[in-house]
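Undergrad: Model the following, please.
(chains A and B)
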Amino acid sequence: MWTKEDIARRIALEIKDGYYVNLGIGIPTLVANYIPADMDVVLQSENGLLGMGPFPFAGEEDADTINAGKQTITMLPGSAVFDSAMSFGMIRAKKVNLTILGAMEVSENGDIANWKIPGKMVKGMGGAMDLVASAENIIVAMQHVNKEGESKLLPQCTLPLTGVNCVKKVVTELGVFDILPEGGFKVVECAPGVTLVDIRKATKGKLVD
Amino acid sequence: MNKVVSGAEAAIAGIVDGMTLMLGGFGLCGLPEKCIEALVKSGIKDLTCISNNAGVDDFGIGLMLKQHQVRKMIASYVGENAEFERQLLSGELEVELIPQGTLATRCMAAGYGMPAIFTPAGIGTEIAIGKEIRNFNGKDYLMEMAFDADYAIVKAWKGDTTGNLIYKSTARNFNPVMAMAGKITIAEVEHLVEPGELDPDHIHTPGIYVHRIFQGENYEKRIEKRTVR
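TA: As a prediction, the model looks like this:
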């Protein structure tokens, strides 16, 4: 079984030299720690920054320099700042090569739900709806089951959708799953110590092994 | 073309109950905090506020919410604000959540004089309900209308007396597109300088979009999530 750090490390293997990458909040943020140093990768933060660097050292925080999760961050040499309209312009125009985000539910045809639980949680979609509507390469990082132990990989999402038919890959503590164009979660890799039986038990959507 | 006013109170003159305001900033970063202070003091109410977020309980738009000055909030992300959530769930506050890129681009459209834009964000979701959908090159797009705001209130790093603005770092965010979108645009700046002191090549918002400008004092610039290595 993988930890959150393991999930992030596994997703980092999907990043290629020369990629512009948008990382969502939560596990996706950790992916930045595992990008090989010799790889030329630029991180986009949708509040208007290309070239996001690590968190600042204590005492060097700048209130004017934050990421989309509102955390203080630094900029690397070669960074560029722009307004929110241009930020989503480059996302819509498919200039960002890879989008990694969290989810509450993913369906076997690649639908994603991650912005609202009716009557319980109202936080909003932020930039997620724009990202999933335009990105061609979307990886979801999430836990395989929710707090009640119910599968988050489903035949159909039950929560309000963020986007349809858009997720290409899901990485959970149990393994790596490709979403097939004809529908279904294809098991690409099992986490250490995890069997197909374990995965089958935790997955409500159609599994292809 | 001198646009300078004496301060935040003078800058918000003309804003009355029931108006629609745009407020720049992303979270608490690049927030027009001096004008928000003045709006809180003014007691103006029944406002529709267009802003990416709703502030936190004790800073930003959260201060206006606490006083029930906001009737409707149009935003993309409203977490981190308990009072907001309470008013929303109790029905005291009307809320329209829209995708962040749609929010930015609807501002941009207003500033560019375009009535509407087409975006794929929200296709197949509840956001699309009741909206016109057009297919271009095999892909569906939602028609979203340009915003129509009475006042846009933005924060810049530097500005000159004619209203030219320069923003700093990611405090730029929604400020330039909102500055373009108000019928009247108010800019508060950390440094107000004379014409000629800003390099024309470095201007982010040309002064034609700005109607009133003032230098704020003692900016708090609160950090929402201080995170260090």
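Undergrad: For chain A, name the helix or strand with the lowest mean pLDDT.
TA: Across the helices and strands of chain A, mean pLDDT, DSSP states H and E gives its lowest value to strand A:121-122, namely a mean of 79.
Undergrad: Give me the sheet partners of it and which way each runs.
TA: strand A:116-117 (antiparallel) (DSSP bridges).
Undergrad: Give me the residues contacting the strand it pairs with.
TA: A:104, A:122-125, A:159-160, B:97 (CB atoms under 8 Å, 6 or more residues apart in numbering or on different chains). Placement of C-beta: from N, CA and C, glycine included.
Undergrad: what about dumping the CA coordinates of stretch A:107-119 to CSV?
TA: What follows is stretch A:107-119, C-alpha atoms only, in CSV (Å, rounded to 0.1, in the frame of the first residue of the first chain):
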residue,chain,number,x,y,z
SER,A,107,-16.2,7.4,-12.9
GLU,A,108,-15.1,4.6,-15.3
ASN,A,109,-15.7,6.9,-18.3
GLY,A,110,-13.4,9.6,-16.8
ASP,A,111,-16.0,11.9,-15.2
ILE,A,112,-14.7,13.7,-12.1
ALA,A,113,-16.5,15.2,-9.1
ASN,A,114,-14.5,17.4,-6.7
TRP,A,115,-16.2,20.6,-5.9
LYS,A,116,-19.4,20.2,-3.9
ILE,A,117,-21.3,17.9,-1.6
PRO,A,118,-24.9,19.1,-1.7
GLY,A,119,-26.1,20.3,1.8
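Undergrad: what pLDDT, on average, does that stretch get?
TA: On average, the pLDDT along stretch A:107-119 is 94.
Undergrad: how about it: buried residues?
TA: A:107-116 (16 or more other CB atoms under 10 Å in any protein chain shown).
Undergrad: and what of stretch B:11-22?
TA: Buried residues in stretch B:11-22 (16+ other CB under 10 Å): B:11-12, B:15, B:19-22.
Undergrad: Go through those residues and name the one nearest B:E132.
TA: Distance to B:E132 across the buried residues of stretch B:11-22 (CB to CB) is lowest for B:T20, with 22.3 Å.
Undergrad: Is chain B within reach of stretch A:85-98?
TA: Yes - against chain B, stretch A:85-98 shows contacts by CB under 8 Å from any CB of the partner chain at A:85, A:87-89, A:91-92.
Undergrad: Output these as CSV; include the columns pLDDT and secondary structure.
TA: Converted to CSV, those look like this (pLDDT from 0 to 100; DSSP: H, G, I helix; E, B strand; the rest coil):
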residue, pLDDT, secondary structure
A:A85, 98, helix
A:S87, 98, helix
A:F88, 98, helix
A:G89, 98, helix
A:I91, 97, helix
A:R92, 97, helix
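Undergrad: Residue of chain A nearest chain B, please.
TA: A:F88 (2.9 Å; CB to the nearest CB).
Undergrad: Any chance of a PyMOL selection covering the buried ones in the contacts of strand A:116-117?
TA: Applying 16+ other CB under 10 Å to the contacts of strand A:116-117 leaves a buried subset, and the PyMOL line that selects it is:
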select buried, (chain A and resi 104+122+123+124+125+159+160) or (chain B and resi 97)
